[in-house]
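1. Structure here, sequence nowhere to be found:
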């Protein structure tokens, strides 16, 4: 089978090595010369290469995505525990999108499998086994040679080894050079040392901390050096060290400077290093394992695609497609019958249920889309396809997303639809202010979206009035959908008043009147008040009302809870006549509570507010936001529960435009059609972008190590923002945007950043110590002088009798 | 102060050979290597006070002279210099204590 290897860095020796084994041409990603074709494409990504390889057009869902972890152990782009954690998260994210993982040894396999856990794809041990270089022409007279430094030479823990290596090289007249693949501070050393010429004879000093992972792994620089016949001196005393010592191809260096300096002895001939390379890495076995692993990965991919294309007995969830019901929808499916949607949602479950599963589930059940998947914080948490989908035809962003997800959106740089069901640009008075960073993010999402999906037309108008460039043509009103039929209200006295809100109820100055009316109704009718989600209003229990607070419930459980309570009355208060910002938020809300109540046989009583006045759902009780208005409304609801039903079968039905089984999904399909991608998006690219986002977002300081006072002292604007509560803390600002803006930060403890202030502090400390030691030296010299004088005097002291009078 | 202006370093009879090496590095614009070469002088028990001071002065000069923004490598060297100077200061304090005790005994 002819193959094509796609790599972000085609010049990488590792990529070229793998391509040579597979006898496949290697191209830059994405390929310059048009689509690569779906068959035989192998996308090679190495975490240390700096960027990932985007899947070429036409190969989405068909390529084998190889994540090459050989060399990843020493490739962490930072130093310290927090940098290691971020690196681990990045690797886990990238692994989620890979179909084949390459490691250098069995020991490494164990390490990575434990780290990556359930996200681990198939793992193959394919160490780097470069071909042996040419025999040096002047093997008998190697000097002057090149001493290459690899690993992490700027690590303070390795300072002694570095110093000794430098001193040794200088003493023997060798040139110093930087080995390829030194990630940390490469820019520092590259400015000082030239890159080594691999064709010239020399030494490799592998300077790494002696950790468990370091012992299990063999860096690419070491493998290449041995294959080229270079002696290797390493600071890691593991299997590699033992093999070096036994073969005479190198040695393990003690970290003490003097020991290292003395310990470097003449190595064996270059052939010893080459033989060791052959023994350790066994090129034939590695090549064989790579070929078979890639073939198996391709076979697995084919099988998954066949399973996906098979006319399934039904999607993973929900009933089989119902093309008959599609008559009220647009004649063609928005993305094609196989079209799939990738939804980014970091929102709570109840919001995902209403704004993702309800509409997309309906479109899927009716066969208008091939399926959809929901990605939450880098992991696919829901997929309608039994075989994991690997390519998508539209991207849908739901409401507020995490900073990491926002970065992923920027990295993949594909068109998207943005769905919003609240006016998140307003600042209502009844709740804490939205985080200004979230506010900016929502603004950016609205501006960048191909199409904006709003729960109501009024919300669309409100948003358009606040976002430059958001024109009505880009907005589609996508009402919340109702499933099944409305449930009849059981005949009988209501069991309770229900105060349900996932957030603070949107009432300010009306609160007193509404709560008093609720209190008096409960007391007069002997009803209890059940609060779901937010806490019940204070004072009711003290007034003698029986109050229960059940907290937040998952969507399905909440619906079941309401059904169990029926007949009951659901309170839907919303402020009217509030200040402009609060009202702008309230007016942007939807009538979703009515759907929840009517689906469960519960009677909703609502404020006469725009979201309910605009609603096309029939037969509800609306009241003005006064004590009398609510008292009257609650009495009407009580009476409605007791009123006999003429014919239970004639229960009202949903309006067609709101019914998921009729034409309700039509506007959703319309929005999706406008967000259709010109070419599919590979899931592997999204996972790789998540890995990249983790690396980019990794703060150089942990919250514990961050010097909050210093940061706030340096930046007045942030201090003001923290003081007025618009930013939670200096650290949150630093992580979210301060770092990207280049603001200075420093650590409080041992974890030092490279901010200018920190640098000045270090210099002051050096100066203080220098002055101090100089002073002590003067005192020492003075004491020694006095001591010598005293001894002299004591040795030549005349007898008392000889002393002059 | 430019790093090149650190030259020439005054030679004295008790100056360690690393000063010469550091000078060569400075001439080759290898300032960080120069600082790295000088660090062991601070840690050597047998270093004379003159050697330690020459090394500390030069390290301080190399690290503080006008240069590109400090990097992690510079920082690592600065931290190492602080560790070594702190150790040197402790050794000096012990030496002072010993000398003072001997002097007290003689008095």
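-> Okay, I see it. Computed from a predicted model, the values in this text were never measured in an experiment.

2. helices and strands around the longest helix anywhere in chain B, which ones?
-> Longest helix in chain B, counting residues (DSSP state H): helix B:72-106. The contact analysis (3 or more C-beta pairs under 8 Å, 6 or more residues apart in numbering or on different chains; DSSP states H and E) places helix B:72-106 against helix A:159-171, helix A:186-192, helix A:756-795, helix B:31-43, helix B:49-64. C-betas here are computed from N, CA, C, even on glycine.

3. Against which helices or strands is the first one packed?
-> Contacting helix A:159-171 under the criterion 3+ C-beta pairs under 8 Å, 6+ apart are the following elements: strand A:146-151, strand A:175-178, strand A:202-207, helix A:257-263, helix B:31-43, helix B:72-106.

4. Could you list the buried residues of that helix?
-> A:159, A:160, A:161, A:162, A:163, A:164, A:165, A:166, A:167, A:168, A:169, A:170 (16 or more other C-beta atoms under 10 Å in any protein chain shown).

5. what angle sits between it and strand A:146-151?
-> Inter-element angle recorded for helix A:159-171 and strand A:146-151: 170 degrees (by axes from the mean of the first three to the mean of the last three C-alpha atoms, to 10 degrees).

6. Figure out how far helix A:159-171 is from the centre of its chain.
-> 41 Å (C-alpha atoms, centre = their mean, to the nearest Å).

7. Let me know the average pLDDT across that helix.
-> Averaged across helix A:159-171, pLDDT comes to 74.

8. what angle sits between that helix and strand A:202-207?
-> 170 degrees.

9. and the direction of helix A:159-171 versus that of helix B:72-106, what angle?
-> Using the same axes, to 10 degrees: helix A:159-171 against helix B:72-106 is 100 degrees.

10. Let me know whether residue A:352 touches residue A:345 as I believe.
-> Yes - if you go by C-beta atoms under 8 Å, residue A:352 and residue A:345 touch, sitting 5.2 Å apart.

11. Mean pLDDT lowest where, among the helices and strands packed on helix B:72-106?
-> helix A:186-192 (a mean of 45).

12. Which residue lies closest in space to the spatially most central residue of chain A, excluding its sequence neighbours?
-> Centroid check for chain A by C-alpha atoms, centre = their mean gives residue A:404 as the closest residue, at 4.5 Å. Spatial nearest neighbour of residue A:404, chain neighbours left out: residue A:693 (4.9 Å); criterion: C-beta to C-beta, 6 or more residues apart in numbering or on different chains.

13. Count the neighbours of that neighbour for me.
-> 24 (other C-beta atoms under 10 Å in any protein chain shown).

14. For it, list the residues it contacts.
-> A:93, A:404, A:405, A:407, A:408, A:411 (C-beta atoms under 8 Å, 6 or more residues apart in numbering or on different chains).

15. about what we covered before: for residue A:395, find the nearest of the helices and strands packed on helix A:159-171.
-> helix B:72-106 (37.7 Å; C-beta to C-beta).

16. what mean pLDDT does that closest one have?
-> 80.

17. what residue ranges in the stretch 501-650 of chain A score low on pLDDT?
-> Counting by pLDDT under 70, the stretch 501-650 of chain A has low-confidence residues at A:619, A:644-650.

18. which bits of it sit near chain B?
-> Residues of the stretch 501-650 of chain A that fall close to chain B, judged by C-beta under 8 Å from any C-beta of the partner chain: none.

19. Now the stretch 501-650 of chain A against chain B: closest residue?
-> Closest approach of the stretch 501-650 of chain A to chain B (C-beta to the nearest C-beta) occurs at residue A:581, with a separation of 43.9 Å.

20. which element is that residue on?
-> helix A:580-587 (DSSP states H and E).

21. Now do that helix: everything it contacts.
-> Contacts of helix A:580-587 (C-beta under 8 Å, 6+ apart): A:422-423, A:426-430, A:458-459, A:462, A:506, A:508, A:574-578, A:609-611.

22. Could you list everything the closest residue in space to residue A:571 that isn't next to it in sequence pairs with in the sheet?
-> Sequence neighbours aside, residue A:499 is the residue nearest to residue A:571 in space, at 5.3 Å (criterion: C-beta to C-beta, 6+ apart). Beta-bridge pairing for residue A:499 (DSSP bridges): residue A:531, residue A:571.

23. What count of nearby residues applies to residue A:499?
-> Residue A:499: 24 neighbours (other C-beta under 10 Å).

24. same question, residue A:492
-> 10.

25. That one contacts residue A:641, correct?
-> Yes - Residue A:492 lies in contact with residue A:641 (C-beta under 8 Å); the separation is 6.5 Å.

26. and stretch A:203-223, what's its mean pLDDT?
-> 82.

27. got the buried residues for it?
-> A:203-210, A:213-223.

28. Where does residue A:622 fall, secondary structure wise?
-> Going by DSSP H and E, residue A:622 is part of strand A:621-623.

29. and that strand, how far from the chain's centre?
-> On C-alpha atoms, centre = their mean, the centre of strand A:621-623 falls 45 Å from the chain's centre.

30. Would you list the strands that it pairs with, along with their directions?
-> Strand A:621-623 has these strand partners (DSSP bridges): strand A:603-607 (parallel).

31. ok, residues contacting the strand it pairs with?
-> Contacts of strand A:603-607 (C-beta under 8 Å, 6+ apart): A:489, A:494, A:507, A:510, A:514, A:567-576, A:593-594, A:597-598, A:612, A:620-625, A:630, A:633-634, A:636-637, A:640-641.

32. Just after it, pick out the following helix or strand.
-> helix A:610-613.

33. now residue A:639: how far from residue A:569?
-> 11 Å (C-beta to C-beta, to the nearest Å).

34. Test for you: state the pLDDT assigned to the nearest residue to residue A:689 once chain neighbours are set aside.
-> Sequence neighbours aside, residue A:411 is the residue nearest to residue A:689 in space, at 4.1 Å (criterion: C-beta to C-beta, 6+ apart). The per-residue pLDDT reported for residue A:411 equals 81.

35. residues touching residue A:411, list them.
-> By C-beta under 8 Å, 6+ apart, the neighbours of residue A:411 are A:689, A:692, A:693.

36. Out of those, which comes closest to chain B?
-> Using C-beta to the nearest C-beta, those come closest to chain B at residue A:692, 21.5 Å.

37. How many neighbouring residues does the closest one have?
-> Around residue A:692 there are 21 residues (other C-beta under 10 Å).

38. Same check on residue A:706?
-> Neighbour tally, residue A:706, other C-beta under 10 Å: 25.

39. Quick check: it touching residue A:731?
-> Yes - if you go by C-beta under 8 Å, residue A:706 and residue A:731 touch, sitting 4.6 Å apart.

40. pretty sure residue A:726 contacts residue A:434?
-> No - taking contacts as C-beta under 8 Å, residue A:726 lies outside contact range of residue A:434: 9.5 Å.

41. List the residues that contact residue A:694.
-> A:86, A:89, A:90, A:93, A:378, A:404.

42. Test my guess that the fourth one contacts residue A:377.
-> No - when contacts are counted by C-beta under 8 Å, residue A:93 is not listed as touching residue A:377 (9.6 Å).

43. Find the helix or strand that residue 21 is a member of.
-> In the absence of a named chain, this looks at chain A. Short version, using DSSP H and E: residue A:21 is in helix A:13-22.

44. Chain B is the one I meant
-> Applying DSSP H and E, one finds residue B:21 within helix B:17-27.

45. again with residue A:299
-> Counting by DSSP H and E, residue A:299 is part of helix A:283-309.

46. what's the answer for residue A:529, then?
-> Residue A:529 belongs to strand A:528-533, assigned by DSSP H and E.

47. which parts of that strand are buried?
-> A:529, A:530, A:531, A:532, A:533.

48. is it true that the last one touches residue A:501?
-> Yes - Residue A:533 is within contact range of residue A:501, at 5.1 Å (criterion: C-beta under 8 Å).

49. which other residues reach stretch A:505-524?
-> By C-beta under 8 Å, 6+ apart, stretch A:505-524 touches A:428-431, A:497, A:499, A:527-529, A:534, A:537, A:539-540, A:543-546, A:571, A:573-579, A:582, A:585-586, A:589, A:607, A:625-631, A:634-635, A:638.
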